[in-house]
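Enquirer: model this:
(one chain, ligands or ions: 1)
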Amino acid sequence: MKRIAILTGAGVSAESGIKTFRDSGGLWENYPVEEVASIEGWHRNPGLMLEFYNERRRQLAGSKPNEAHRTIAGLEAKYKVDVITQNVDNLHERAGSTHVLHLHGELTKVRPENCYNDRDGFSEESVFDIGYEPIHLGDKAPNGAQLRPHIVWFGEPVPNIEKAIDIVAAADILVIVGTSLQVYPAAGLYRYAGFDTPIYIIDPKPALLNDGRITSIAMKATDGMRKLATML
Ligand code: APR
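Expert: Sure thing, here's the model as predicted:
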């Protein structure tokens, strides 16, 4: 079976009603990133950050996968599909994708705030799923530490990037859906694709990259994935 790596960003969930970050009306228009999505913000005002993620978890509870998520999951009938997502929502999994690697964490998961260090990372057993429930200041993990969202904040390392690089390097086809490709290291992943690996970018405003392997499909995710599925 041929291997497809699919790198997704906020645009793949836009048609599920989940805001992107940098489009007009995007999340970062209303919230200063450093206040709600950085490790410095956590040390400065953890209560504000907990509420920011509680609100996004509440919104996710009312959101559903869209046809783009389902088309991506459907490719598993013909290909070995690995989804590498920058999104923290669970819509790929709920649409049926069985191999989803989250680069920036997962909204429905939490962990003790003291279980990570640069040398060892964090132990997976310290991460647990709370579904769509809120967490508040004073909510402690079994080890007595404050619970925090299992999200990669600005200023923190991206533990899954090595796995993502291996997936892209081994892929026969790379598809990039709904990302502005502005945040590294995720934005640099496409460079690890083989020199003759076809790369498809699906986005109403596809990032302009000077790379002969790339075919841009200037469409929204649902239409673009439907078109690509017929082309593959
Ligand atoms: N279908 C496909 N793409 C869309 C759609 C749609 N319906 N609507 C918008 N887009 C595209 C935009 O044109 C843009 O290129 O989705 C992209 C969204 O870009 P960003 O808002 O920058 O989101 P993303 O690229 O996922 O951001 C990366 O930045 O803030 C951090 O951690 C956060 O994971 C996030 C990372």
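Enquirer: quick check: longest strand of this structure.
Expert: Using DSSP state E, we find that the single longest strand of the chain is strand 105-112.
Enquirer: For burial, what's the neighbour tally of residue 172?
Expert: Using other CB atoms under 10 Å, the number of residues around residue 172 comes to 16. (C-beta placed from N, C-alpha, C; glycine too.)
Enquirer: In contact with it, which residues?
Expert: Residue 172 sits next to 2-4, 197 when contact means CB atoms under 8 Å, 6 or more residues apart in numbering.
Enquirer: Kindly report the same for residue 226.
Expert: Listed by CB under 8 Å, 6+ apart, the contact set of residue 226 reads 67, 71.
Enquirer: What residues sit buried inside the strand or helix carrying it?
Expert: According to DSSP states H and E, residue 226 maps onto helix 221-231. By neighbour count on 16 or more other CB atoms under 10 Å, the buried set for helix 221-231 is 221-222, 224-225, 228.
Enquirer: Quick one: distance of that helix to the chain centre.
Expert: With CA atoms, centre = their mean, to the nearest Å as the basis, helix 221-231 stands 20 Å off its chain's centre.
Enquirer: Please name every helix or strand in contact with the longest strand of the chain.
Expert: Strand 105-112 is packed against helix 46-61, strand 128-129, strand 147-151, with contacts defined by 3 or more CB pairs under 8 Å, 6 or more residues apart in numbering; DSSP states H and E.
Enquirer: Does the longest one reach the ligand?
Expert: Pointing back at helix 46-61 there. No. Contact of helix 46-61 with the ligand is not found when judged by CB under 6 Å from any ligand atom; the minimum separation is 11.4 Å.
Enquirer: Give me the next element, helix or strand, following that helix.
Expert: helix 67-74.
Enquirer: on contacts alone, who are the packing partners of that following helix?
Expert: Counting by 3+ CB pairs under 8 Å, 6+ apart, helix 67-74 packs on strand 80-85, helix 91-95, helix 221-231.
Enquirer: same thing but 6 Å
Expert: Where contact means 3 or more CB pairs under 6 Å, 6 or more residues apart in numbering; DSSP states H and E, helix 67-74 is packed against helix 91-95, helix 221-231.
Enquirer: Out of those helices, flag the one nearest the ligand.
Expert: helix 221-231 (3.6 Å; CB to the nearest ligand atom).
Enquirer: Report the inter-axis angle for the closest one versus helix 67-74.
Expert: Helix 221-231 runs at 30 degrees relative to helix 67-74, counting by axes from the mean of the first three to the mean of the last three CA atoms, to 10 degrees.
Enquirer: pLDDT-wise, which helix or strand of this structure ranks last?
Expert: Least confident helix or strand of the chain, by mean pLDDT, DSSP states H and E, is strand 121-122 with a mean of 68.
Enquirer: where does the residue in the chain sticking out farthest from the centre land in three-state SS?
Expert: Residue farthest from the centre of the chain, counting by CA atoms, centre = their mean, is residue 144 at 29.1 Å. Secondary structure, DSSP: H, G, I helix; E, B strand; the rest coil: residue 144 is coil.
Enquirer: domains for the chain, by residue range?
Expert: Using automatic domain parsing, the domain ranges for the chain come out as 1-18+65-104+156-232, 23-62+109-151.
Enquirer: Lowest average pLDDT across those domains?
Expert: The stretch with the lowest mean pLDDT among the domains of the chain is domain 23-62+109-151, at a mean of 91.
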